[in-house]
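*Asks:* Quick one: sequence and predicted model below, then my questions.
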Amino acid sequence: MYNVEKEKLCVETDTIYLFERARAEDENMFAKVKSEGVFGIDSFNVEVEADLSSGMPRFDLVGLPDAAVKESRERVRASIKNCNYKFPISRITVNIAPADIKKEGAIYDLPILIAILKASGQIKANTDNCAFIGELSLDGEIRKANGVLPMVKKAKESGIKAIFVPYQNAGEASVIDGIDILPTKNITEIADHLHGLKPIEPTSHEIDESETLTDELDFADVRGQEQVKRAVEIAAAGSHNILMIGPPGTGKSMIAKRIGSILPDMTMQEKIETTEIYSVAGKIPENVKLISKRPFRSPHHTISAQGLTGGGTKLLPGEISLAHNGVLFMDEFPEFDRRTKESLRQPLEDGTVTISRAGGSVSYPANLMVVAAMNPCPCGYLGHPTRKCTCSDAAKRRYKDKISGPLLDRMDIHIEVQNVEYETISGKGKAESSAEIKKRVNKAREIQRKRFEGTDISSNAKMTPSATQKYCIMTDEANLLMKTSFERLGMSGRAYDKILRIARTIADLDEKENIEFEHIAEALQYRVLDRKYWE
C-alpha cells in the first residue's frame, strides 16, 4: 500500500543528506602535517595527511603502519575527547607518507591528532613550517620518544623552522642549532601556542659542559705495571685494540676500567654521533643533553651475538655501536661464545655494523677500541712464579683455540700482565695520575686530527693501507729493523701494517715527524705474545 508520509520522510532525509554533503564539500576537510621518522640512525621526512569525508563513521590508517602505529587510532580518539575537543563523527582516513617505508612506533600519535584537529577546523593555525613528534597518553599527555635527535637533525636539513617534541626530549633535541625546539607536555599547550594564546618558549641551544661526569677511577691508584700502563697509553692515543694476558688478580680489569679516564676529549661531531646512537637506543641519561664522555661498555661474557652487534624487531644498536667513539671491554675474553667473538671481526675492519633482517637492513657506526682481558690458561696460573698450573696440555690447547687466528690478528697490542712485587704494592707513593697521562694522549690525538684533516680517518689505528704507506715514514735504521723482523717472524701483511700504525702512535707521543728505530723496537714488543701462547 502506498504510504504518503513514508515517501515524504524519505525525500526530507535525502534532502538533508545532500545538503550536509554539499556543506562538507564546501568546507576544508583535509589537512597535512609534517613529522619525521627514523630507521636505524637514519631519519626521513614524513607527511601525515588527514581526510574527513561523509559516510559511515570509521577511522582508517594507511601508509604501511606497524601494529604500534595502528594502535594510534585509540590513543588519538581518547586524547581528543579527554582534552575537550570534538572527535569528528565521519569517515576519517589518515595517510602516513611515504607509503613505501614502514612506519614504526608511537611517535606519529601527535602529528595524527594535529592533522585531524586541523581537518575538522578545531585548529586553524598555519603549521607548514612546523613538525610534530610524540606519543600520546589517553589524557593528552605527551610521552618521551626514542630517536628524537636524528629526527630533529633531519628536520633542520629539510628547512623546518620549529619542531614540537616531548618535554623529556627537549635537552637532546636542543643540541641541533638553527631550529626552534618547542618542548610540550600536552596537546593543550600546542593548541594554545598555535593560536597565539600562550607561546611556548624554545629550548636553549647552549650546552653545559658541566654535565660531563668526572671519572672517579684514576691510574694513580694502580701500583706498578708500568709497562702495561705504557701499552694502554699508546692504545688510547691511537685507538688501538689491546689484549691483556695474565693470571688472576694482577690488575687486568682494574687497568681496563680506568682507560676511560685517559681517552682523548671528544670532538663536537663525535659527541653528536654518539648521542644519536644513544637516542635511538633510548639510553641517554636523564638531564643530559649531549654525551660528552667517551662510552665505556663492558658486556658480560654470556651476551649473545645479537646483543653485541644489535638487532631485534626494531633493529636497535648493540654493544658494539653503543661503544662507538669509546671502549668495548671484554673481560674473560675466551669465555664469550665463539659466534659472538667472531662477530667482532667485520666491524673492527670496516668501522660499521650492518644488521639485515626480513624487515630491512640498517648500518650503525662502530668506530671503537676493543680492550680484551684473559687468563693464560683455564686455571689461570700458567707461567706464574709461585703457583703451579694444573691444566692438561689438551685443556690449555682448547682454551687458546677459543680465540681464532683472524680475531687475534685484529688485536693491535698484546701485553702480558705480571704479578706486582710486595715492595711496589705496599709503597705509600702515588703513581702517575690519569690527568697527566691524558695530556699526552690529547696532544698525540691532536697531531692525528691535523694529519687526517679532510679525510674519514679519525686515528692512527683506522688508517687504510694507502694512508699507512703515506704517513708511516721510517728512518733507515727503523726500516732495516722492520725488514729483519718481518722476515724472521714471518709476519702477515696485516701484522706489518699494525706494527707501523702502533709505531706511528709512539712517534706522535714523542712528537717526532718520522718513525725512528726505538719506535719500531717498542711496537714489535707488543706483537710477540701470540707466538708465546699460540706458538
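*Replies:* Happy to help now that I have it.
*Asks:* Give me the packing partners of the strand or helix carrying S79, helices and strands only.
*Replies:* Taking DSSP states H and E as the criterion, S79 maps to helix 72-82. Packed against helix 72-82 by the contact rule (3 or more C-beta pairs under 8 Å, 6 or more residues apart in numbering; DSSP states H and E) you find strand 58-62, helix 109-119, strand 135-136. Where you see a C-beta, it was placed from the backbone N, CA and C, and this is true even at glycine.
*Asks:* Kindly compare burial across those and name the winner.
*Replies:* Comparing these by mean neighbour count (mean count of other C-beta atoms under 10 Å), helix 109-119 ranks first with a mean of 27.
*Asks:* next SSE after that one?
*Replies:* Proceeding N to C from helix 109-119, the next assigned helix or strand is strand 130-132, under DSSP H and E.
*Asks:* D139 looks like it's in a strand, true?
*Replies:* No: if the criterion is DSSP: H, G, I helix; E, B strand; the rest coil, then D139 is coil and not within a strand.
*Asks:* which ones are touching the residue nearest to it when sequence neighbours are not counted?
*Replies:* Once flanking residues are discounted, D139 sits nearest to N82: 4.9 Å by C-beta to C-beta, 6 or more residues apart in numbering. Neighbouring residues of N82 by C-beta atoms under 8 Å, 6 or more residues apart in numbering: L138, D139, G140.
*Asks:* so can I have TSV of those showing neighbour count, distance to V420 and pLDDT?
*Replies:* TSV is the format used below for the contacts of N82 (neighbours: other C-beta atoms under 10 Å; distance: C-beta to C-beta, whole Å; pLDDT from 0 to 100):
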residue	neighbour count	distance to V420	pLDDT
L138	13	61	95
D139	12	61	94
G140	24	62	93
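*Asks:* just to revisit the earlier point, for the residue nearest to D139, give its distance to I133.
*Replies:* Taking C-beta to C-beta, to the nearest Å as the measure, N82 falls 21 Å from I133.
*Asks:* same question, Q418
*Replies:* 55 Å.
*Asks:* of those two, who's got more company?
*Replies:* Neighbour count, other C-beta atoms under 10 Å: between Q418 and I133, I133 has more, with 28 against 16.
*Asks:* for that one, what are its contacts?
*Replies:* Applying C-beta under 8 Å, 6+ apart to I133 gives the contacts 35-36, 107, 110-111, 145, 148, 151, 163-166, 169.
*Asks:* hmm, 10 Å instead?
*Replies:* By C-beta atoms under 10 Å, 6 or more residues apart in numbering, the contact list for I133 reads 35-38, 46, 107-111, 142, 145, 147-148, 151-152, 155, 163-166, 169, 173, 184.
*Asks:* any low-confidence regions in the stretch 151-300 of the chain?
*Replies:* Applying pLDDT under 70 to the stretch 151-300 of the chain picks out residues 207-215.
*Asks:* Show me the strands in it, by range?
*Replies:* 162-166, 180-184, 242-245, 296-297 (DSSP state E, counting those that start in this stretch).
*Asks:* right, and those strands - which one's nearest D409?
*Replies:* D409 lies closest to strand 242-245 among the strands of the stretch 151-300 of the chain, at 10.9 Å (C-beta to C-beta).
*Asks:* Sheet-wise, list the partners of that closest one with their directions.
*Replies:* For strand 242-245, the pairing partners within the sheet under DSSP bridges are strand 369-374 (parallel), strand 413-416 (parallel).
*Asks:* Need the winner for burial among those strands.
*Replies:* strand 369-374 (a mean of 24).
*Asks:* what about it, distance to the chain center?
*Replies:* When C-alpha coordinates are averaged (C-alpha atoms, centre = their mean, to the nearest Å), strand 369-374 and its chain have centres 20 Å apart.
*Asks:* Next: stretch 290-299.
*Replies:* 10 Å.
*Asks:* ok, now stretch 147-158?
*Replies:* Distance of stretch 147-158 from its chain centroid, counting by C-alpha atoms, centre = their mean, is 15 Å.
*Asks:* so where's the protein shaky on pLDDT?
*Replies:* In the chain, residues with pLDDT under 70: 1-28, 207-215, 359, 426, 530-532, 534-535.
*Asks:* how about the longest strand belonging to it: buried residues?
*Replies:* Longest strand of the chain, by residue count under DSSP state E: strand 42-53. Residues of strand 42-53 classed as buried by neighbour count (16 or more other C-beta atoms under 10 Å): S43, N45, V46, E47, V48, E49, A50, D51, L52.
*Asks:* Around the closest residue to the fourth one other than its chain neighbours, count how many other residues there are.
*Replies:* Sequence neighbours aside, A97 is the residue nearest to E47 in space, at 4.7 Å (criterion: C-beta to C-beta, 6+ apart). A97 is surrounded by 16 other residues when neighbours are defined as other C-beta under 10 Å.
*Asks:* what residues are up against A97?
*Replies:* K32, N45, V46, E47, V48, E49, V62, G63, L64, K103.
*Asks:* Assess the claim that the fourth one and P111 are in contact.
*Replies:* Read that as E47. Yes: the criterion here is C-beta atoms under 10 Å, and E47 meets it with P111 at 8.8 Å.
*Asks:* tell me, what's touching those two both at once?
*Replies:* K32, V33, K34, S35, I96, A131.
*Asks:* okay, now L316: neighbour count?
*Replies:* 22.
*Asks:* Now do the contacts for it.
*Replies:* So L316 contacts 40, 146-147, 277, 280-283, 306, 310, 322, 355, 362, 364 (C-beta under 10 Å, 6+ apart).
*Asks:* Could you identify the most distant pair in the residues you listed?
*Replies:* That would be G147 and Q306, which, of the contacts of L316, are the farthest apart (C-beta to C-beta) at 19.7 Å.
*Asks:* Looking at these two, which is more packed in?
*Replies:* G147 (28 against 15).
*Asks:* any idea how far the residue nearest the centre of the chain is from S43?
*Replies:* Closest to where the C-alpha atoms of the chain average out (C-alpha atoms, centre = their mean) is I277, at 2.4 Å. Relative to S43, I277 is positioned 13 Å away (C-beta to C-beta).
*Asks:* If anything else comes up later, I'll come back, but that's it for now.
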